[in-house]
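Enquirer: the following comprises the amino acid sequence and a computationally predicted model.
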Amino acid sequence: MIQPWHQKLSDNVERVVVGKTEEIRSVVATLLAGGHLLLEDVPGTGKTTLARALAKSLGLEFRRVQFTPDSLETVTSGKEMVGAQKKLRQVRVEPELEDYLLDIIGASRKAPGVVLGASPRAGLNLERFAQALAALAGREFVIPDDIKQAVIPVLAHRLILSYEARLEGTTTEGILHNILSQLPVPVEVER
């Protein structure tokens, strides 16, 4: 399904961006989910190299005046990526997991210190990213861990905290970890 495509793409990118396996996985999952990605880190940690290597691996242009990773080859095409995105929509999300996902979104709106919680669109993006993580793992169905792994990258930047909460040192990541620790995880999921 999607896993061989992902593996070929990731292996190629990892020839240039060494030691960033999880970051590459998140970037590829974001592409599959049709989302946007903000790479934040201190200077010199390979963000631009990662973007360049991914563009080169997909046969796309990367426009920035610096250098091009000439050691990479195109291993897939934009057309193949669109095909993978279409296959992604076939990854099943059982009703119990959709309810779990909605509970997370709802809890983000009610959490103490949160002025603005996750929107319905955030819920759709959370589901797509979880589907992408499942597909990258070679599964045709989402498991609770896919949703849990998707929560921070998809939702953390979408929550707005109150002034008081920020003064107290509360973070959106902390709130989301708290939500995940308090919500019951579906155990019996029909497939």
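Expert: Now that the structure is in, tell me what you want to look at.

Enquirer: quick one, strands of this structure?
Expert: 114-116, 160-161 (DSSP state E).

Enquirer: Gly44 is nearest to which of those strands?
Expert: strand 160-161 (29.4 Å; CB to CB). For glycine as for every other residue, the C-beta is placed from the backbone atoms N, C-alpha and C.

Enquirer: which strands or helices does the closest one pack on?
Expert: Judged by 3 or more CB pairs under 8 Å, 6 or more residues apart in numbering; DSSP states H and E, strand 160-161 is in contact with strand 114-116.

Enquirer: each with direction, which strands does the strand it packs on pair with?
Expert: strand 160-161 (antiparallel) (DSSP bridges).

Enquirer: any idea of the pLDDT on Arg191?
Expert: For Arg191, the pLDDT comes out at 55.

Enquirer: now Arg139: how far from Gly174?
Expert: 29 Å (CB to CB, to the nearest Å).

Enquirer: one more: Leu54?
Expert: From Leu54 across to Gly174, the span is 30 Å (CB to CB).

Enquirer: just want to know which of the two has more residues nearby.
Expert: Remark: of Leu54 and Gly174, Leu54 carries more neighbours, 23 against 15, as counted by other CB atoms under 10 Å.

Enquirer: pull the contacting residues for that one.
Expert: Taking CB atoms under 8 Å, 6 or more residues apart in numbering, we find Leu54 in contact with Leu9, Val13, Ile24, Val27, Val28, Leu31.

Enquirer: what do you get for Ala130?
Expert: If a contact means CB under 8 Å, 6+ apart, then Ala130 has Val93, Leu97, Leu101, Val142, Asp146, Ile147, Gln149, Ala150 as its contacts.
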